[in-house]
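Asks: everything below, folded, please.
(2 chains)
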Amino acid sequence: MEVVWIRGGERISYTKPSTWFVMGIRGSGKSSFLEHIGIEYLKRGTCIVDLFGSRDGEGLAWLRSPYARTRRILLLHGGVKASCSKSNVDIKHFEDFTLSDVERYDIIISSSPLYSDIEEEYDAVNTVVDRLYRRFKWRRLVYLIVREASQLYYSRLKISKNQSFAKANFVYLLREARHMGIALGLDTLKFKAIESDIRVLSDYLVLKQLGLFGLPDDLSWLYSFFDPLKLQNLGREYFIIITRRGSIGIGYFEYPKWHKKEKEDIIGKVGLRTKM
Amino acid sequence: MGVIGVEDEIRRLLKEKKPKEIIEMGYARSTVYYVAKKLEEEEQRKGLLNVVRQLIHRKKGSLELAMGRLVFEALTENNHLKVIDRVCRAYQMLNNDEKQVLLSKEELEELKRICTVNTALLNACKVRKTDLTVYHVLIPIPCSKIPEYMKFLEVDPEHTRYIGWHEEGVVKPKSRSRSEWLKDRLFLNITDFSYHALVSYFVGYALPRVMKALRRLIDVVDPYTFREVVLGGGSMDKGGREDKLHKA
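Replies: Next up, the predicted model:
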């Protein structure tokens, strides 16, 4: 990844529990950007936990990445049992997930096709998140990828009294993440009200192609730096980055070739066999 | 051949061949892939810098405001010679690189000729004599260039009626001979009817070309700057002028 800084400038750290927030329209490369950040963390010894992805199992694409052969991978499942021929891939039920799994494995994947329904997936996510947030001491950093970040909010809604409590709980998770040694990679939420709360907590705010609707009102000052029309149509490999300290840069990252494409049967391609 | 020489050679070969083919030619595998990776990184960097150049807004400064003002005046001015004058002034404020981005070399040279003639016509001196009014128009072009600069008169087969050498009122510098001095000037001493005909022919030729140049100039001015200029109103001319937006 390379960044040209147009205001300020700093070295991006992949050894700290930073929060990454990525905004962009569908198909702008948000997921692949989060994967790329995951790779940078992985190279430095971090454990990746890929929690939420699209319903078609995009998180399973890690199983065909260059790291699939050399890293230890754990697949979490619910009502759908799975088996894999790769010797470095273990599979267990989400209720059996423990904190020691973070030390033992390099990549932990929780993916929609391995659950009976969305409700069960929410239960799995809540279980994993609640256990991760009991890391009162830690040695190894965890990078938590939450691709459809609104889903994390919905999962908290399931265990909360009401929407306000769910929102507060969600914001609390984000604020406390660094104390638990958790780096977060989130993409845009559907709810504008929550987004501004998340932006305040993020260490790195990343803008991908913005499309028709452009920047939210509180970020419209960026138009004094960038051409709105060009920002609408930014290429998939390019992004704008704004750091917590106020540095602004334009960057390029190598789009992961192993990222799941639309319509692709990822389960078949990675050699998984599933059974309800 | 030194290491740097080998790398340059591989770099040149990579433009035509694939890495595997170059390795088969006898070059070290590690060196070929090292150079290929370096080339790829350089291409990525170039692509990134290109995106940076496209994305970054030009900072709104005094120059952009002045350009915006001239564009606004060109769009709202009634006098065609003044329209042409505003566009010419706007282009004269740009540096060479900026001009070449907007117009081709031929278009720039044409615009330069139009500006020269326009300035002369705009600054024509009106002299009232006892029985008629004459216009003195001094166009600083050598005799050899008259066909180029006065191309706008070609539509009229009688156009030579408007052009002639007149010695009345000519001031010659002492260091140069009269004929030399005359060679650098086209001096017209014409009736007001001829002057207005000359202007009509000139405007008919020059205005479409100038409007095309103006269209390209408008793209350069940030819409927000232009909006500021339009809402701000007023004029750059001495003595001021009423805000055109408030007329009507």
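Asks: how many neighbours does B:Cys115 have?
Replies: Residues contacting B:Cys115 under the criterion other CB atoms under 10 Å in any protein chain shown number 19. (Each C-beta comes from the backbone N, C-alpha and C, glycine too.)
Asks: so what's B:Gly164 scoring on pLDDT?
Replies: Looking at B:Gly164, its pLDDT reads 49.
Asks: can you show me the helices along chain B?
Replies: B:3-14, B:19-24, B:29-55, B:62-76, B:80-93, B:96-102, B:105-122, B:146-149, B:178-183, B:192-220, B:223-232 (DSSP state H).
Asks: buried stuff in the second one?
Replies: Going back to what we said before, that points to helix B:19-24. Under the neighbour-count criterion of 16 or more other CB atoms under 10 Å in any protein chain shown, helix B:19-24 has B:Pro19, B:Ile22, B:Ile23 buried.
Asks: residue in chain B with the shortest distance to chain A?
Replies: B:Leu48 (4.3 Å; CB to the nearest CB).
Asks: list the contacts of that residue.
Replies: Going by CB atoms under 8 Å, 6 or more residues apart in numbering or on different chains, B:Leu48 touches A:Glu2, A:Val4, A:Tyr238, A:Ile250, A:Gly251, A:Tyr252.
Asks: surely the second one is in contact with A:Gly249?
Replies: Yes - if you go by CB atoms under 8 Å, A:Val4 and A:Gly249 touch, sitting 6.0 Å apart.
Asks: looking at those two, which one has more neighbours?
Replies: Taking other CB under 10 Å, A:Val4 and A:Gly249 do not tie; A:Gly249 has more neighbours (20 against 16).
Asks: quick check: the more buried one is in a helix.
Replies: No - looking at A:Gly249 with DSSP: H, G, I helix; E, B strand; the rest coil, it is strand, so not inside a helix.
Asks: any idea how far it is from chain B?
Replies: Distance of A:Gly249 to chain B, computed by CB to the nearest CB, to the nearest Å: 9 Å.
Asks: returning to that earlier point: as TSV, the buried residues of helix B:19-24 with pLDDT would be great.
Replies: Shown next, in TSV, are the buried residues of helix B:19-24 (pLDDT from 0 to 100):
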residue	pLDDT
B:Pro19	90
B:Ile22	91
B:Ile23	91
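Asks: kindly reformat the residues you listed as JSON lines containing distance to chain A.
Replies: As requested, those are exported to JSON lines (distance: CB to the nearest CB, whole Å):
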{"residue": "B:Pro19", "distance to chain A": "17"}
{"residue": "B:Ile22", "distance to chain A": "23"}
{"residue": "B:Ile23", "distance to chain A": "22"}
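Asks: next SSE after the worst-scoring helix or strand of chain A on mean pLDDT?
Replies: Lowest mean confidence among the helices and strands of chain A (mean pLDDT, DSSP states H and E): helix A:192-201, at a mean of 68. Using DSSP states H and E, the helix or strand that follows helix A:192-201 towards the C-terminus is strand A:204-207.
Asks: what about that next one, distance to the chain center?
Replies: Once both centres are worked out by CA atoms, centre = their mean, to the nearest Å, strand A:204-207 turns out to sit 13 Å from its chain's centre.
Asks: can you read off the pLDDT for B:Asn118?
Replies: As predicted, B:Asn118 sits at a pLDDT of 96.
Asks: make that B:Lys174, sorry
Replies: 46.
Asks: same thing with the one 3 residues further on?
Replies: Predicted confidence (pLDDT) at B:Ser177: the value is 57.
Asks: cool, and the one 5 residues further on?
Replies: With respect to pLDDT, B:Leu182 has a value of 55.
Asks: list the buried ones in the helix or strand A:Asp123 falls within?
Replies: Element membership for A:Asp123, per DSSP H and E: helix A:118-132. For helix A:118-132, the neighbour count (16+ other CB under 10 Å) marks A:Glu120, A:Glu121, A:Tyr122, A:Asp123, A:Ala124, A:Val125, A:Asn126, A:Thr127, A:Val128, A:Val129, A:Leu132 as buried.
Asks: check which element follows that helix along the chain.
Replies: The helix or strand immediately downstream of helix A:118-132 is strand A:142-146, counting by DSSP H and E.
Asks: between that next one and helix A:118-132, how big is the angle?
Replies: Angle between the axes of strand A:142-146 and helix A:118-132 is 160 degrees (criterion: axes from the mean of the first three to the mean of the last three CA atoms, to 10 degrees).
Asks: packing partners for strand A:142-146?
Replies: For strand A:142-146, the elements it packs on are helix A:30-43, strand A:47-52, strand A:182-187, judged by 3 or more CB pairs under 8 Å, 6 or more residues apart in numbering or on different chains; DSSP states H and E.
Asks: what does the longest one rub up against?
Replies: Right, helix A:30-43. With CB under 8 Å, 6+ apart, helix A:30-43 has contacts from A:1, A:14, A:20, A:22-24, A:48, A:50, A:53-54, A:58, A:61-62, A:65, A:67, A:71, A:106-107, A:141, A:143, A:145, A:147, A:183, A:185, A:187-188, A:206, A:208, A:236, A:239, A:253-256, A:259.
Asks: now list the buried members of the residues you listed.
Replies: Buried members of the contacts of helix A:30-43, counted by 16+ other CB under 10 Å: A:1, A:14, A:20, A:22-24, A:48, A:50, A:53, A:58, A:61-62, A:65, A:67, A:71, A:106-107, A:141, A:143, A:145, A:147, A:183, A:185, A:187-188, A:206, A:208, A:236, A:239, A:253, A:256, A:259.
Asks: endpoints of stretch A:98-117, how far apart?
Replies: Stretch A:98-117 stretches 23 Å from its first residue to its last (CA to CA, to the nearest Å).
Asks: quick one: buried residues of that stretch?
Replies: Quick answer for stretch A:98-117 (16+ other CB under 10 Å): A:101-102, A:105-115.
Asks: as CSV, the residues you listed with pLDDT and secondary structure would be great.
Replies: Shown next, in CSV, are the buried residues of stretch A:98-117 (pLDDT from 0 to 100; DSSP: H, G, I helix; E, B strand; the rest coil):
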residue, pLDDT, secondary structure
A:Asp101, 93, helix
A:Val102, 92, helix
A:Tyr105, 94, coil
A:Asp106, 94, coil
A:Ile107, 94, strand
A:Ile108, 94, strand
A:Ile109, 92, strand
A:Ser110, 90, strand
A:Ser111, 88, coil
A:Ser112, 87, helix
A:Pro113, 88, helix
A:Leu114, 88, helix
A:Tyr115, 89, coil
